[in-house]
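Participant: This is a predicted model, with the sequence first.
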Amino acid sequence: MAATFFGEVVKAPCRAGTEDEEEEEEGRRETPEDREVRLQLARKREVRLLRRQTKTSLEVSLLEKYPCSKFIIAIGNNAVAFLSSFVMNSGVWEEVGCAKLWNEWCRTTDTTHLSSTEAFCVFYHLKSNPSVFLCQCSCYVAEDQQYQWLEKNMQITILTCRHVTDYKTSESTGSLPSPFLRALKTQNFKDSACCPLLEQPNIVHDLPAAVLSYCQVWKIPAILYLCYTDVMKLDLITVEAFKPILSTRSLKGLVKNIPQSTEILKKLMTTNEIQSNIYT
Amino acid sequence: MFVPCGESAPDLAGFTLLMPAVSVGNVGQLAMDLIISTLNMSKIGYFYTDCLVPMVGNNPYATTEGNSTELSINAEVYSLPSRKLVALQLRSIFIKPFCEKLLSWVKSSGCARVIVLSSSHSYQRNDLQLRSTPFRYLLTPSMQKSVQNKIKSLNWEEMEKSRCIPEIDDSEFCIRIPGGGITKTLYDESCSKEIQMAVLLKFVSEGDNIPDALGLVEYLNEWLQILKPLSDDPTVSASRWKIPSSWRLLFGSGLPPALF
């Protein structure tokens, strides 16, 4: 038991996670109906690959179908806005498929989303060089779905954001110059990052961690660029904090007109601002 | 599944495997950190599984800038061949049943025996347990045959059986490890699969569990003698275990000066 700041006494969460003894007993009490519900829920939570235009599923895993030399993934609305404005507007990108998923978080997805209100992670490849892939993921991918996602044989770049209070430092987080970038790279990624590497004892979890873990274990060169910000909704300053990545090899050749991209980014922000008026 | 760092899987025949249970206060995991850090064990592979929440970070045992940029994931295997020790560190919680996958790797790896470091809720102790040492051990039958005499000579307390359903007076007695995560399952499965397993645990509460972790490694050390035996000076005990750099800022970032 523990006391909160407001003087209530609450049951402190146990870091052991599940109390396995209780779970075992529940397992023994599970009726066929419970089992059916559980299986249905598991089926509902499956990550499915499909072609959005035809709504047909992609049986073959995306990257087995198309060879891949570069894979850039944006996770979260600020990272997605950055790639949309700076990279997707500099070339012709063709949608090759998407990962559709449902979880308790996506069910209540914010309707001011940039893309469709359904939960998709969309995959594109560059028409002029089809081995370059990009993925825009603005929905929440739950822990049990994160592993269903992954593949092989290329260089991977991941972009995402975290709240600055997640960043551990001996200074107070209030004094940090947010937004700022940090990077984590796998052993096989030999290039240098355009920002400092993430210092101990900081860690990353969720989908970016699942992707990076996969790459580290299977010796794929990969780098994660993490933007720590104090504004988690779509924000111009946060998106612009990703700009140093434009000069790295990850995005080399994929970005053409930066001033035009900046204009596109500003327009994206304006559209979003109107929708976020609390009186509408 | 186990994925080696190098080209081929290392030979672990005859090794002692140390592993934590994700349990109250994370004491087992903290104790594993101390062992890996103090013995400067080398990473030999990953336990890649979808049963654990994904997480990554830079080398938690970094000592210099040079070795601080190696990526670590949620389940990694370290070894010290000179002492025939192999350590599995788990850094996140379970999202799926994990015991079977883990034990099948243990069997196939050729490890001679497994020692699980764990903990249990201190508030669940009965009167006798409250008055005795907070450390307990458990041995599977196959382990008992090989180490019973050694354990007897250490005068350790075996984990007592308690009422299976505490609220019911005439309930049967069985081994219960509340707050121990998968410890009980691992123990039961190892008994039936005839795996030589020992469980070492401490009764703890959530909070600053560093002293509990230090206590648990000293308890393990009485048996395995990883470090030289403890002298009478209690201050020596804490300093001989190397605190890893990842233990910095365990309770959050610095405070804003404006507070004061």
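Facilitator: It's in. What you see is a predicted model; the values in this text were computed from it and never measured.
Participant: can we go C-alpha only for contacts and neighbour counts from here?
Facilitator: Noted.
Participant: And the lengthiest helix in chain A, what does it pack against?
Facilitator: In chain A, with assignment by DSSP state H, the single longest helix is helix A:258-275. In terms of contacts (3 or more C-alpha pairs under 8 Å, 6 or more residues apart in numbering or on different chains; DSSP states H and E), helix A:258-275 is packed against helix A:77-86, helix A:236-240.
Participant: Mean neighbour count added to the ones you listed, as a markdown table?
Facilitator: Formatted as a markdown table, the helices and strands packed on helix A:258-275 follow (neighbours: other C-alpha atoms under 10 Å in any protein chain shown):
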| stretch | mean neighbour count |
| --- | --- |
| helix A:77-86 | 24 |
| helix A:236-240 | 19 |
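Participant: To chain B, which of those lies closest?
Facilitator: With C-alpha to the nearest C-alpha as the measure, helix A:77-86 is the member of those nearest chain B (19.3 Å).
Participant: for the closest one, packing partners?
Facilitator: strand A:155-163, helix A:236-240, helix A:258-275.
Participant: Would you mind finding the most buried of these?
Facilitator: strand A:155-163 (a mean of 22; mean count of other C-alpha atoms under 10 Å in any protein chain shown).
Participant: What is it packed up against?
Facilitator: Here strand A:155-163 touches strand A:70-75, helix A:77-86, strand A:222-229, going by 3+ C-alpha pairs under 8 Å, 6+ apart.
Participant: What average pLDDT does that strand get?
Facilitator: Strand A:155-163 shows a mean pLDDT of 92 in the predicted model.
Participant: following it, which helix or strand shows up next?
Facilitator: Downstream of strand A:155-163, the next assigned helix or strand under DSSP states H and E is strand A:180-185.
Participant: Next, the angle from that next one to strand A:155-163.
Facilitator: Angle of strand A:180-185 versus strand A:155-163, following axes from the mean of the first three to the mean of the last three C-alpha atoms, to 10 degrees, is 140 degrees.
Participant: Tell me which residue of chain B lies closest to chain A.
Facilitator: Closest residue of chain B to chain A, C-alpha to the nearest C-alpha: B:Ser23 (3.8 Å).
Participant: Just give the number of residues close to B:Gln225.
Facilitator: For B:Gln225, the neighbour count with other C-alpha atoms under 10 Å in any protein chain shown is 12.
Participant: Distance of it relative to B:Ile35?
Facilitator: 12 Å (C-alpha to C-alpha, to the nearest Å).
Participant: Can you pull the poorly scored residue ranges out of the chain?
Facilitator: No chain specified, so I'll use chain A. Counting by pLDDT under 70, the ranges of chain A that qualify are A:1-30, A:44-66, A:101-119, A:140, A:142-154, A:271-280.
Participant: You answered for a different chain; I wanted chain B.
Facilitator: In chain B, residues with pLDDT under 70: B:229-238.
Participant: Is B:Leu17 located within a helix, as I assumed?
Facilitator: No: under DSSP: H, G, I helix; E, B strand; the rest coil, B:Leu17 falls outside any helix and is assigned strand.
Participant: So what does B:Cys174 have for phi and psi?
Facilitator: The phi and psi torsions at B:Cys174 (degrees, to the nearest 10) take the values phi -160, psi 170.
Participant: Which residues does it form beta bridges with?
Facilitator: With DSSP bridges as the criterion, B:Cys174 is bridged to B:Ser162.
Participant: Surely it is in contact with B:Pro166?
Facilitator: No: contact criterion C-alpha atoms under 8 Å: B:Cys174 and B:Pro166 do not qualify, at 10.7 Å.
Participant: re earlier: would you turn the helices and strands packed on helix A:258-275 into CSV with distance to A:Thr186?
Facilitator: Shown next, in CSV, are the helices and strands packed on helix A:258-275 (distance: least, C-alpha to C-alpha, whole Å):
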stretch, distance to A:Thr186
helix A:77-86, 20
helix A:236-240, 24
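Participant: Does A:Phe82 touch A:Ile237 like I think?
Facilitator: No: with contact defined as C-alpha under 8 Å, A:Phe82 does not count as touching A:Ile237 (10.7 Å).
Participant: list the contacts for A:Leu176?
Facilitator: Shown here is A:Leu176, which makes no contacts under the criterion C-alpha atoms under 8 Å, 6 or more residues apart in numbering or on different chains.
Participant: One more: A:Ile156?
Facilitator: A:Lys70, A:Phe71, A:Ile72, A:Ile73, A:Ile220, A:Pro221, A:Ala222, A:Ile223, A:Ser250.
Participant: how close does it get to A:Ala74?
Facilitator: Taking C-alpha to C-alpha as the measure, A:Ile156 falls 11 Å from A:Ala74.
Participant: same question, A:Cys68
Facilitator: For A:Cys68, the distance to A:Ala74 - C-alpha to C-alpha - is 17 Å.
Participant: got it, and B:Leu201?
Facilitator: Separation of B:Leu201 from A:Ala74 (C-alpha to C-alpha): 43 Å.
Participant: before we move on, what about B:Gly57?
Facilitator: With distances taken as C-alpha to C-alpha, B:Gly57 is found 19 Å from A:Ala74.
Participant: ditto for A:Ser131
Facilitator: Distance, A:Ser131 to A:Ala74, by C-alpha to C-alpha: 17 Å.
Participant: out of the two, which sits in the more crowded spot?
Facilitator: Taking neighbours as other C-alpha under 10 Å, A:Ser131 and A:Ala74 compare with A:Ala74 leading, 26 against 17.
Participant: Kindly state the beta-bridge partners for that one.
Facilitator: A:Gln136, A:Leu159.
Participant: same check, this time on B:Ala87
Facilitator: Counting by DSSP bridges, B:Ala87 forms beta bridges with B:Leu18, B:Tyr78.
Participant: list the contacts for it?
Facilitator: If you count contacts by C-alpha under 8 Å, 6+ apart, then B:Ala87 has B:Leu17, B:Leu18, B:Met19, B:Met32, B:Ile36, B:Val77, B:Tyr78, B:Ser79 around it.
Participant: Can you convert those residues into CSV and add a column each for neighbour count?
Facilitator: Shown next, in CSV, are the contacts of B:Ala87 (neighbours: other C-alpha under 10 Å):
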residue, neighbour count
B:Leu17, 23
B:Leu18, 24
B:Met19, 22
B:Met32, 23
B:Ile36, 25
B:Val77, 24
B:Tyr78, 20
B:Ser79, 25
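Participant: quick one: which of these is nearest to B:Ser108?
Facilitator: Nearest to B:Ser108, judged by C-alpha to C-alpha, of the contacts of B:Ala87 is B:Leu17 at 12.6 Å.
Participant: give the contact list for the closest one.
Facilitator: Here B:Leu17 is in contact with B:Leu85, B:Val86, B:Ala87, B:Leu88, B:Cys111, B:Ala112, B:Arg113, B:Val114, B:Ile115 (criterion: C-alpha under 8 Å, 6+ apart).
Participant: and with 7 Å instead?
Facilitator: Residues near B:Leu17 by C-alpha atoms under 7 Å, 6 or more residues apart in numbering or on different chains: B:Leu85, B:Val86, B:Ala87, B:Cys111, B:Arg113, B:Val114, B:Ile115.
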